[in-house]
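what's the 3D shape of this:
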Amino acid sequence: MKKTIWLTLFIALIVVNALAMAAEAYGDLVIPIPYRLAIVLAISLVTLVFCGAWQLMRGAESEVPASHDKTTKDS
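So this is what the prediction gives:
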């Protein structure tokens, strides 16, 4: 999961800065650095949430109910 978050952070940095440079060059629109950083952090946090949910879903598929556990004793 760490690799996915770092990869997303670097890709978001590159894409957001490239789009901001293109908007400045072609549309005469200046996007300040704090706004760019906020967008990059938002993209990273959304990725973190979805990666965490994905790992929880993968873990839930492999779980076995406690009623099927052979170490529990009937009372």
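
C-alpha from now on. contacts and neighbour counts both.
Noted.

Buried residues of the helix ranked longest in the chain, list them for me.
If each helix of the chain is counted by residues according to DSSP state H, the longest one is helix 33-62. By 16 or more other Cα atoms under 10 Å, the buried positions in helix 33-62 come out as Arg36, Val40, Leu41, Ile43, Ser44, Thr47, Leu48, Cys51.

If you drop the residues flanking it in sequence, what lies closest to the residue nearest the centre of the chain?
Closest to where the C-alpha atoms of the chain average out (Cα atoms, centre = their mean) is Thr47, at 1.2 Å. Ranked by Cα to Cα, 6 or more residues apart in numbering and with sequence neighbours excluded, the top spatial neighbour of Thr47 is Ile5, at 6.9 Å.

Helix, strand or coil: sort out that neighbour for me.
Here Ile5 takes the helix state, with states given by DSSP: H, G, I helix; E, B strand; the rest coil.

re the thing from before, tell me the pLDDT at the residue nearest to the centre of the chain?
What the model reports as pLDDT for Thr47 is 89.

Surely it and Thr8 touch.
Yes - here Thr47 reaches Thr8: they are 7.3 Å apart, a contact under Cα atoms under 8 Å.
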